[in-house]
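Novice: Okay, predicted coordinates and the sequence, questions at the end:
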Amino acid sequence: MRSKAPGDQPLPRTLTGSCCDADNKTQPDFDLLHVIDRHLKTQPLIASRAGGAMGTYRRALRANWLLVVLAVLGGVSGYIASQSVGVPRYEATAQLLVTPVSADDPNFLGLPVLRQTPGDPTRTIETAAALLRSGGAAKRAAQSLRPPTSVQHILDVVSLKPQGQSNIVAVSASADTGRRAAQIANAYAKATLIERAALLRDSAAAQIPRVRAQLAAIGGATRPAGAELAQRLSALRGLAEGGDPSLSLSQRARAPDEQAGPSSVIVLLFVALVGFAIGSLIAVLRELTTRAIRDEDDALALYPLPVLARVPVSSRREARAMTGPRWLPSPATREAFRTLLAQLKQHDRSRVVMVTSASAGDGKTTSAINLAAAIAETGDQVVLLDFDLRKPDMRRVLGLLDGVSLADLSHPDFRLEDALVPAFGLATTLSVLATTVGPDSHLLVEAVKRRLPEVIEEAKNIADWVVIDTAPLGRVSDAIGILQEIDDIIIVSRLGVTDRRNLATMRELLERTCDRGPTGLLVISKQRSPSRSSYDYGYPARRPHLPTARGERSTTQSTNEALDRVRPSFSERSTPADR
């Protein structure tokens, strides 16, 4: 049982009191102040268990850890696969030094040289990088390579960028090998110098005759204006015979040893981190959108009740390994219900226990059977009532041939003793009222609900314990009318199945209709370890075979016929008053 932490609200249900006032059969008055006080006291407990955003994140990772792991492994595997099938890329870089001429230098007027940009040296290098990218240089580079390649390929793999704040233009080329990348970078850098030299040579050659004619027209270099023209003529002849004075090769490209881009280890860690982030995001979205209770803390945050017992769910492999009827509990499950019974038997008096749940599929029917079986093993007379008027399942689970229809149950002459049948494989002190429904049974639900208190009173007169299986209170309110007859309410919650909204609805319904509230929770969850549970202590690994009748036409029919021969009818047993 969960201990009460400091600051928690008083437990909404004690193990010794009745659910509702047993002496007053009318519904208790609705106390608004009491409900508000309970709500205010409950909020700190819910907040502490919810843990805010981090609590949601931790629960999401814990519930969807496999999804997160798969996301990480998927990203890492995809990166490794791309590296194994992809073409490796190497990058080599040559450096061109830009020495721009002054913008007002008269010797280079009208020539395509790289000039300074006043007040913005960075802009000068950026302009140079743009001018040096040309189709002519790409064509020369493509033709000089061995083996040769296309001009478009050169333009695709070569890039020119200013290198920091320096006067260097980086000529970078990429290829599938480091040697090829260096060849392309050096070929383009060399082709650029040749292309620029040819361009200047043609421009200078075109201007030399005009300057020579101007110089002759003024009478030669001895004249005042002739000295300037003679100096320009000398510069033009130098350009015609040499290269571009504003551009030179600073460093040749070298073949790199490693592929371009960041380190593979860094990329791998980054991909794993991205996979973890994506997996975590999906896990949180699933946590926020799912309607099922994830874990015990999640259930207690919605409905803070004592956890009376924790029932492990056998795996399919364990279920196949077991012999006998499938509904019989494993040793671990049997001990869990014995623990539950020990807490219920605080006072030696007749008890009426209602087993319900918030939603369908939580395991309330099998829990009611297992609790009744645990009581019967002590020698007490127990009646198990199937009051799930919508979808009764006890007849199928126990393998009974016949059941009581809702029409029979609502009849004024109905007698409980005539309808009780024994359950094969369980103690002889246990008898069952199994109900059945038909196509039009929903029309009789209200009439049957009015008869249920009388049936419970009749069961209390002939048995020590009455265990009732009802419809899920989070879905329908059929059980509200019998709450005044109930001593203990056990809420079954199956982790991963119980609906959050239905659990909240059931809580609100019980707080408004039953003053003390439920006794506690019965939590059903998967075993956390493949090893045998501690509840298995002292039990054999396999259950013994149960006796069956020979010549059986079907399992359920033969078992009931065998019981008819070896067991007395329930009406022949002694009542508590007789004992």
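Specialist: Perfect, thanks for sending it.

Novice: tell me the mean pLDDT over the longest helix seen in the chain?
Specialist: Counting by DSSP state H, the longest helix found in the chain is helix 178-217. Across helix 178-217, pLDDT averages out at 83.

Novice: Give the other helices and strands that it contacts.
Specialist: strand 90-98, helix 135-144, helix 151-157, strand 158-162, strand 168-175, helix 224-241, strand 247-251 (3 or more Cβ pairs under 8 Å, 6 or more residues apart in numbering; DSSP states H and E). To be clear about C-beta, it is placed using only N, CA and C from the backbone, and glycine gets the same treatment.

Novice: any idea of the angle the first one forms with strand 158-162?
Specialist: Going by axes from the mean of the first three to the mean of the last three Cα atoms, to 10 degrees, strand 90-98 is angled at 50 degrees with respect to strand 158-162.

Novice: Pull up the pairing partners for strand 90-98, direction included.
Specialist: Note on strand 90-98: by DSSP bridges, its sheet partners are strand 168-175 (antiparallel), strand 247-251 (antiparallel).

Novice: List the buried residues for that strand?
Specialist: By neighbour count on 16 or more other Cβ atoms under 10 Å, the buried set for strand 90-98 is Tyr90, Glu91, Ala92, Thr93, Ala94, Gln95, Leu96, Val98.

Novice: Relative to Ala204, which of the residues you listed is nearest.
Specialist: Val98 (19.7 Å; Cβ to Cβ).

Novice: what's the distance between that closest one and Arg123?
Specialist: Counting by Cβ to Cβ, to the nearest Å, the gap from Val98 to Arg123 is 12 Å.

Novice: The nearest residue to Ser264 once chain neighbours are set aside sits in which helix or strand?
Specialist: Excluding its sequence neighbours, the residue lying closest to Ser264 (Cβ to Cβ, 6 or more residues apart in numbering) is Gln83, at 7.1 Å. In this assignment (DSSP states H and E), Gln83 forms part of helix 65-85.

Novice: Next, the buried residues of that helix.
Specialist: Leu67, Val68, Ala71, Val72, Gly75, Tyr79.

Novice: so what secondary structure elements neighbour that helix?
Specialist: Short answer (3+ Cβ pairs under 8 Å, 6+ apart): helix 65-85 packs on helix 264-289.

Novice: Now the element after the helix it packs on, going C-ward?
Specialist: helix 296-302.

Novice: and Arg62, backbone torsions?
Specialist: phi -70, psi -40 (degrees, to the nearest 10).

Novice: Just the pLDDT for it.
Specialist: 80.

Novice: That one is in contact with Asp295, isn't it?
Specialist: Yes - Arg62 is within contact range of Asp295, at 7.3 Å (criterion: Cβ atoms under 8 Å).

Novice: Contact partners for Gly496?
Specialist: Ala292, Ile293, Arg294, Ser525, Lys526 (Cβ atoms under 8 Å, 6 or more residues apart in numbering).

Novice: out of those residues, which one sits closest to Gly178?
Specialist: Taking Cβ to Cβ as the measure, Gly178 lies nearest Arg294 of these, at 53.5 Å.

Novice: okay, now that closest one: neighbour count?
Specialist: 19 (other Cβ atoms under 10 Å).

Novice: Also Val157?
Specialist: By other Cβ under 10 Å, the residues close to Val157 number 19.

Novice: which parts of stretch 332-345 are buried?
Specialist: Ala332, Thr333, Arg334, Glu335, Ala336, Phe337, Arg338, Thr339, Leu340, Leu341, Leu344.

Novice: ah, wrong one, I meant stretch 208-215
Specialist: Val211, Leu215.

Novice: do the same with stretch 262-280
Specialist: Quick answer for stretch 262-280 (16+ other Cβ under 10 Å): Val271, Ala272, Gly275, Phe276, Ile278, Gly279, Ser280.

Novice: Was I right to think the second one contacts Val72?
Specialist: Yes - taking Cβ under 8 Å as the contact criterion, Ala272 and Val72 are neighbours in contact, 5.3 Å apart.

Novice: re earlier: any chance of the buried residues of stretch 332-345 in CSV, plus distance to Thr436, secondary structure and pLDDT?
Specialist: What follows is those, written out as CSV (distance: Cβ to Cβ, whole Å; DSSP: H, G, I helix; E, B strand; the rest coil; pLDDT from 0 to 100):
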residue, distance to Thr436, secondary structure, pLDDT
Ala332, 32, helix, 86
Thr333, 27, helix, 87
Arg334, 28, helix, 87
Glu335, 32, helix, 91
Ala336, 29, helix, 92
Phe337, 26, helix, 93
Arg338, 31, helix, 92
Thr339, 33, helix, 92
Leu340, 28, helix, 93
Leu341, 29, helix, 93
Leu344, 29, helix, 90
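
Novice: closest to Ala217 among these?
Specialist: Out of the buried residues of stretch 332-345, the member with the shortest distance to Ala217 (by Cβ to Cβ) is Ala332, at 117.2 Å.

Novice: Just confirm that closest one contacts Ala309, I think it does.
Specialist: No - with contact defined as Cβ under 8 Å, Ala332 does not count as touching Ala309 (11.0 Å).

Novice: any weak-confidence spans in the stretch 151-300 of the chain?
Specialist: By pLDDT under 70, the weakly predicted segments of the stretch 151-300 of the chain are 219-225, 240, 261.

Novice: hang on, the earlier thing: and Arg62 and Asp295? Which one has more around it.
Specialist: A count of neighbours by other Cβ under 10 Å puts Asp295 above the other of Arg62 and Asp295, at 15 against 12.

Novice: If we ignore the residues flanking it in sequence, what's nearest that one?
Specialist: In space, Asp295 is closest to Leu495, 5.9 Å off (Cβ to Cβ, 6+ apart).

Novice: Tell me how far the residue nearest to Ser264 lies from Ala277.
Specialist: Counting by Cβ to Cβ - Gln83 and Ala277 are separated by 21 Å.
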